[in-house]
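>>> Dropping the sequence and predicted coords here.
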Amino acid sequence: MSSSADDVPPPSGTGIAGAWSRLSPGAQKGVIGGVVAVLVLVVGIAAVALNGGGDDKAAAPVPSSSTSTTAKARITTTTQPPTGPVAPLTGLRQATAATATRPAVAVKVDNLDAARESAVPQSGLPKADVVFEEVVEGNITRLVGVFQSQSPGRAGPVRSARTTDVHLLPQFGKVLLAWSGGNDGVVAAVRSSPFIIDMGFDRATSAYARDHSRRAPHNLYVNVDQLWGMAPAGTPPPTPLFQFRRAGQVNQAGAVPAAGVDLTWGGGGASSPVGWRWDHTLKLYKRSQRGRPHLDADGTQLGAQNVVVLITPYGQSPADLRSPEALTVGSGEAFVYTNGRVIHGRWDRPAEDRPATLTADSGAPILLTPGQSWIELPKAGGATTVN
């Protein structure tokens, strides 16, 4: 009678081959099955990491604060030529009049940064003159990067607009808006605004491209130079938002030394806390998000000469009952972080086509440091000065 395979005695041998040969065929099958399972898991993790984030599929996990990146982030510092026209949004001199007089381009930038899905790192923000951070659904924030004195080339990921933007952007005068659409109410509001020049994906499609190394919807980018080339003739430069300290001017009365500010947006699993810390050597504030340095796609840590925190009430968007709308016309408490100090005061914005005035508790105008400014729009209780 012939023997079955399971009845054949294992041959002798040494090393890995010998150990393998001494296993029964059933045990060998178990080992092979375990190896295959591990390989499938590894391949699956690699595929997720390569594809980036998405709404319908889980993206690669985002490191928590306990596993913060240890790579040394590069910082972009601010320089200016000795002479030349002054850029309206930064107070810095420009090499040519062309950059100082062109219109502003506002880009709606994705900032979802949750545990299992993220739009970070973004592209282009270190070149923005001004960046707004506003609360949207789920206490997530979206960014509005406003470019005028410098070109980022590619910026994004570009996402949809909100009614907050319709009321926020007119303070620049005429502004080009890069966005990826919205619900019918938002689209109608954007396109009916006399202050917004629609340069969205549907109107300026040739300036947009998908980055297929990342998952939709966090993979749409815009070429800002192309948008400038599409701007209607005679579109003016933006209205200045701030008053700046002159070179060598001392800090104003009421400016108190402070290490920076921590910001929260209302809580929830997708709401990402933010921190800004003053770097005395670099003379700017460095940004962190979810407990780790917030980096641009090129490895640059996001930084700014000024962090302007405007405590902002939020209502309900008329275009979407789930969407909050920042009430940026009115007044409220202000904290301005500049030159390693904080100045407390208030903001007052009487109309959509006017920027907010910043007034210190002393009654004097608040003066910023020439350079990039981030304007943070948290709700009451969302900002904590770090001493």
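It's in.
>>> Now stretch 235-254: average pLDDT?
Average pLDDT, stretch 235-254: 93.
>>> Name the residues of that stretch that come out as buried.
T235, P237, P238, T239, L241, F242, F244, R245, N251, Q252, G254 (16 or more other Cβ atoms under 10 Å). All C-beta spots, glycine's among them, are computed from the backbone N, C-alpha and C.
>>> Check stretch 197-207 too.
Quick answer for stretch 197-207 (16+ other Cβ under 10 Å): I197, D198, M199, G200, F201, A204, A207.
>>> picking up where we left off before, if we only consider the buried residues of stretch 235-254, which is nearest to L377?
L241 (13.8 Å; Cβ to Cβ).
>>> Now do the same contact list for that closest one.
By Cβ atoms under 8 Å, 6 or more residues apart in numbering, L241 lies in contact with L89, V130, Q171, F172, P355, A356, S373.
>>> Now do the same for L227: helix, strand or coil?
Following DSSP: H, G, I helix; E, B strand; the rest coil, L227 is assigned to helix.
>>> Name the strands paired with the helix or strand containing L143 and say parallel or antiparallel.
With secondary structure defined by DSSP states H and E, L143 is part of strand 141-147. As defined by DSSP bridges, the strand partners of strand 141-147 come to strand 104-109 (antiparallel), strand 130-135 (antiparallel).
>>> got those strands as TSV, with distance to P365 columns?
Conversion of these to TSV gives the following (distance: least, Cβ to Cβ, whole Å):
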stretch	distance to P365
strand 104-109	22
strand 130-135	18
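>>> Out of those, indicate the one that is most buried.
Highest mean neighbour count of those: strand 104-109, a mean of 27 (counted as mean count of other Cβ atoms under 10 Å).
>>> which residues sit against that one?
So strand 104-109 is contacted by 89, 122, 124-125, 129, 142-148, 155-161, 165, 169, 172, 175-180, 199, 222, 224, 227-228, 237-238 (Cβ under 8 Å, 6+ apart).
>>> quick one: which of these sit in helices?
D165, V224, L227, W228 (DSSP state H).
>>> Farthest-apart pair in these, please.
Longest span within the ones in helices among the contacts of strand 104-109, Cβ to Cβ: D165 and W228, 19.6 Å.
>>> Can you pick out the residue with more neighbours from these two?
Comparing D165 with W228 by other Cβ atoms under 10 Å, the one with more neighbours is D165, at 28 against 21.
>>> one step back: and the strands paired with strand 141-147: which comes nearest L263?
Nearest of the strands paired with strand 141-147 (Cβ to Cβ): strand 130-135, 8.0 Å.
>>> Using CSV, list the CA coordinates for the closest one.
Provided in CSV are the C-alpha atoms of strand 130-135 (Å, rounded to 0.1, in the frame of the first residue of the first chain):
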residue,chain,number,x,y,z
VAL,A,130,-1.4,86.7,4.0
VAL,A,131,-3.0,83.5,5.1
PHE,A,132,-6.4,83.3,6.7
GLU,A,133,-7.5,80.3,8.8
GLU,A,134,-11.2,79.8,9.1
VAL,A,135,-13.5,77.1,10.7
